[in-house]
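*Asks:* sequence isn't available, so here's the structure alone:
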């Protein structure tokens, strides 16, 4: 195990009916910005529940945060926050609303010029303060409800970038599994795949003798494999919804990644597919991951074999055969949720691969992944395999 | 899964060499009480490392906190804290020092008369404020480094009682696995068994469809089963020490117990064995647990079978045979660490059983355990089985 620091002070309030406890969680006396996305919270009743749980609070609403939240939109919220002297941000939505609110929280107190700097120049500019925020999660997927990560897209330049800060860890997140009941099939599918790949990024690297982290990671993946299809088939199965929701949160709250190497090449490449072609985040991961597993099969050999055995039950055959089956089973899993894993299914061709690789070259990237050795030539190979 | 709240803001700083970061973790400007136990930190060099890591800090030392920390001793520390206007408590030791420091932290700000009240009358008096504290852990076992629990013994009345408060969650805990290198065999054995039974108390109840919590619990137990013997055989195996240490912390930080029923009957009965006979805490657990498994084998049937299969690999035989083997394997595991599981080995006879049961009767207890249905007659049965 490698040395690590683990700090996660998010208060998780989990279960049916927990939204009604909002008034005990929100700091009293604060003027609140209630931020949301496209309006699904009006259809599923969450908006009404949230409003009813905050009687007498001074609320200002900010709706319209997009999937892949846009810098341009969020900067409008920052203006309102400053003008209205907002003291607390309440995100009611999925990962995009949460990520957007984290950006708003940090940008509102940022004094270093254009806030885009702390995304575009992460190595130079660090977020150390932010307005306090909390969340009511409406879509299990990104894990943003229990971490300090945020991904923001600048629409004008087609850039999708991330930042991390302890300052944007939510004070609390309410996880009521009944929000899953009204989710469209596509969002369940995306959520399961997103959470699964989050685990993979922290697990499918090289062994460092970390049996707790490994087995926790496998526990989350096995749960997604078992519960994901149940949620898809019967959206009102409360237990399945609850297990799916808890799995997605545990997948990216820092715990399974503590003390182990991490990859994140699939995300780094996937973000470009979203930036260029607006493909759903989870779908970009389902496209890229099988290519990475193939191209880095030697590098990741021990963990690929362990993953195949413990998650897919693959115990026979040569190492190469078992790795082939492992990749195949992973692809089958993604596709069983109606998520294609080939670029052609999304209308993306060779010319995009060149554009993506050029962008990595412009950024001066030598290599990515847990060893920093997935070169731009290999990124090309990964995407070409997935054409 | 049941509804739950999970909140654990302890900053874990894990790994070899982390003690040197103490000065960045302790709040600056505070007068610090450095609290420790019987002096093993002088022999293993931890005392010197801690002192070297805090140059220029205003430190007052308080040594002599006993295993099963005593109210009488801790109250002396409370007096010093008040007189010297201590602002921060640093526990350097194992679970007893940590639990003692939590009591000191709470009692120093307690304004309701004798602090014993918040242990003896838990249902009436709650700790809501405490001095901030941090820890350098020197013995993996109790999990106290990442929770708000504390167990204190009143020597004069032979009572061993506990309290819980969010206010005594450490700000940080430094976990340097090399502290294991110099532990005597007995403390390693006790630590492994203590951590194992912490998991069991939150796992061996009845199923509530919580696959993440179940598999996390099994992950910790499997790790203790694999790594515990390695630590015992070769104390300087860093990886084994690190995995043991992380397992013990994860066993009792609230995570595997979130959203599931919990038992704690083994602890409740075990505490009486310590209070009356001063038997090491872990050893009392190793005595009581097999009796509970036997007496509550019907109540705990599903989880006993799952535990047997997933932890001990028991897959054949009738349900009754498999439960017998499961209990047998658990006893074998404890005894392989040199820990007897029968009362006779500790010189305890029938008369103590009567005394313990009388005490439960005096406290008005009807039943304990996850269903509150382990009666005093059954506690008698449990202990009689273990004579």
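*Replies:* That came in fine, so what should we check first? Predicted model only: the values in this text are computed from it and were never measured.
*Asks:* what's the pLDDT at the closest residue in space to residue A:63 that isn't next to it in sequence?
*Replies:* Spatial nearest neighbour of residue A:63, excluding adjacent residues (Cβ to Cβ, 6 or more residues apart in numbering or on different chains): residue A:36 at 5.1 Å. No exception for glycine: its C-beta is placed from N, CA and C like everyone else's. As predicted, residue A:36 sits at a pLDDT of 98.
*Asks:* in contact with residue A:36, which residues?
*Replies:* By Cβ atoms under 8 Å, 6 or more residues apart in numbering or on different chains, the contact list for residue A:36 reads A:47, A:61-63, A:65, A:91-93, A:97.
*Asks:* filter the residues you listed to the buried ones?
*Replies:* A:47, A:62-63, A:65, A:91-93, A:97 (16 or more other Cβ atoms under 10 Å in any protein chain shown).
*Asks:* what's the most distant pair in those residues?
*Replies:* A:47 and A:65 (14.0 Å; Cβ to Cβ).
*Asks:* show me where the stretch 101-250 of chain A has helices.
*Replies:* Along the stretch 101-250 of chain A, the segments classed as helices by DSSP state H, counting those that start in this stretch run A:117-120, A:185-203, A:211-233, A:238-251.
*Asks:* is the second one up against chain B anywhere?
*Replies:* Just to be clear, that refers to helix A:185-203. No. Helix A:185-203 stays clear of chain B (Cβ under 8 Å from any Cβ of the partner chain), getting no nearer than 11.5 Å.
*Asks:* which bits of chain A sit near chain B?
*Replies:* So chain A meets chain B at A:1-18, A:209-212, A:215-216, A:218-220, A:222-223, A:226-227, A:239, A:242-243, A:246-247, A:250, A:255, A:258-259 (Cβ under 8 Å from any Cβ).
*Asks:* give me the low-pLDDT residue ranges for the stretch 101-250 of chain A?
*Replies:* By pLDDT under 70, the stretch 101-250 of chain A has no low-scoring segment.
*Asks:* ok, and the closest non-adjacent residue to the residue most central in space within chain A?
*Replies:* Closest to where the C-alpha atoms of chain A average out (Cα atoms, centre = their mean) is residue A:142, at 2.9 Å. In space, and not counting its chain neighbours, residue A:142 is closest to residue A:95: 2.8 Å by Cβ to Cβ, 6+ apart.
*Asks:* now swap in residue A:347 and tell me
*Replies:* residue A:277 (7.8 Å).
*Asks:* in the stretch 251-387 of chain A, which residue sits closest to chain B?
*Replies:* As assessed by Cβ to the nearest Cβ, chain B sits closest to residue A:259 within the stretch 251-387 of chain A, at 6.5 Å.
*Asks:* my guess is that residue contacts residue A:4. True?
*Replies:* Yes. Using Cβ atoms under 8 Å, residue A:259 makes contact with residue A:4 at a distance of 4.2 Å.
*Asks:* higher neighbour count, the two?
*Replies:* residue A:259 (23 against 19; other Cβ atoms under 10 Å in any protein chain shown).
*Asks:* contacts only, for that one.
*Replies:* A:1-4, A:208, A:210, A:213, B:14-15, B:246.
*Asks:* buried ones among these?
*Replies:* A:1, A:3-4, A:210, A:213, B:14-15, B:246.
*Asks:* distance of residue A:91 from residue A:82?
*Replies:* Per Cβ to Cβ, to the nearest Å, residue A:91 is found 18 Å from residue A:82.
*Asks:* hang on, I meant residue A:369
*Replies:* Distance from residue A:369 to residue A:82, by Cβ to Cβ: 40 Å.
*Asks:* neighbour-wise, which of those two wins?
*Replies:* residue A:369 (24 against 12).
*Asks:* hmm, back to that, so the residue of the stretch 251-387 of chain A closest to chain B sits in a helix?
*Replies:* No. Assigned with DSSP: H, G, I helix; E, B strand; the rest coil, residue A:259 falls outside any helix and is coil.
*Asks:* need the per-residue pLDDT for it.
*Replies:* 98.
*Asks:* how much space between it and residue B:177?
*Replies:* For residue A:259, the distance to residue B:177 - Cβ to Cβ - is 11 Å.
*Asks:* now list whatever residues contact both of the two.
*Replies:* Contact criterion Cβ under 8 Å, 6+ apart; residues shared by residue A:259 and residue B:177: B:14-15.
*Asks:* report the secondary structure state of residue A:61.
*Replies:* strand.
*Asks:* let me fix that, I meant to ask about residue A:256.
*Replies:* Residue A:256 is classified as coil under three-state DSSP.
*Asks:* wait, it sits on residue A:215?
*Replies:* No. Counting by Cβ under 8 Å, residue A:256 sits too far from residue A:215 to count as a contact (9.5 Å).
*Asks:* pull out the buried residues from whichever helix or strand residue A:272 is part of.
*Replies:* Residue A:272 is part of helix A:265-277 when elements are defined by DSSP states H and E. Under the neighbour-count criterion of 16+ other Cβ under 10 Å, helix A:265-277 has A:265-275 buried.
*Asks:* per-residue confidence averaged over that helix?
*Replies:* Here the average pLDDT along helix A:265-277 is 94.
*Asks:* I'd like the next helix or strand past it.
*Replies:* Counting by DSSP H and E, what follows helix A:265-277 is helix A:281-295.
*Asks:* pull the distance from the next helix or strand after that following helix to the chain's centre.
*Replies:* With elements assigned by DSSP H and E, the helix or strand that comes after helix A:281-295 is helix A:301-312. Offset of helix A:301-312 from its chain centre (Cα atoms, centre = their mean, to the nearest Å): 23 Å.
*Asks:* immediately after helix A:301-312, which helix or strand?
*Replies:* Downstream of helix A:301-312 (by DSSP H and E), the next one is helix A:319-336.
*Asks:* which residues are in contact with that next one?
*Replies:* A:193, A:196, A:225, A:229, A:286, A:289-290, A:293-294, A:297, A:301, A:304-305, A:307-309, A:312, A:314-317, A:341.
*Asks:* buried set for it?
*Replies:* For helix A:319-336, by 16+ other Cβ under 10 Å, it's A:322-324, A:326-327, A:329-331, A:333-334.
*Asks:* what's the answer for stretch A:128-145, then?
*Replies:* A:130-145.
*Asks:* and if you look at stretch A:18-25?
*Replies:* A:18-19, A:22, A:25.
*Asks:* contacts for it next, please.
*Replies:* By Cβ under 8 Å, 6+ apart, stretch A:18-25 touches A:11, A:13, A:46, A:49-50, A:52-55, A:57, A:134, A:136, A:171-172, A:174-176, B:3.
*Asks:* avg pLDDT for it?
*Replies:* pLDDT averaged over stretch A:18-25 gives 97.
*Asks:* with stretch A:328-341 instead?
*Replies:* Mean pLDDT, stretch A:328-341: 98.
*Asks:* which is the next helix or strand following the longest strand along chain A?
*Replies:* Assignment by DSSP state E gives strand A:4-14 as the longest strand of chain A. Sequence order places helix A:22-25 as the next helix or strand after strand A:4-14, per DSSP H and E.
*Asks:* ok now the helix or strand following that following helix, how far from the chain's centre?
*Replies:* Using DSSP H and E, the next helix or strand after helix A:22-25 towards the C-terminus is strand A:32-35. Centroid displacement of strand A:32-35 relative to its chain, using Cα atoms, centre = their mean, is 22 Å.
*Asks:* ok, strand A:32-35: who's next to it in the sheet?
*Replies:* Take DSSP bridges as the rule and strand A:32-35 pairs in its sheet with strand A:59-62 (parallel), strand A:88-93 (parallel).
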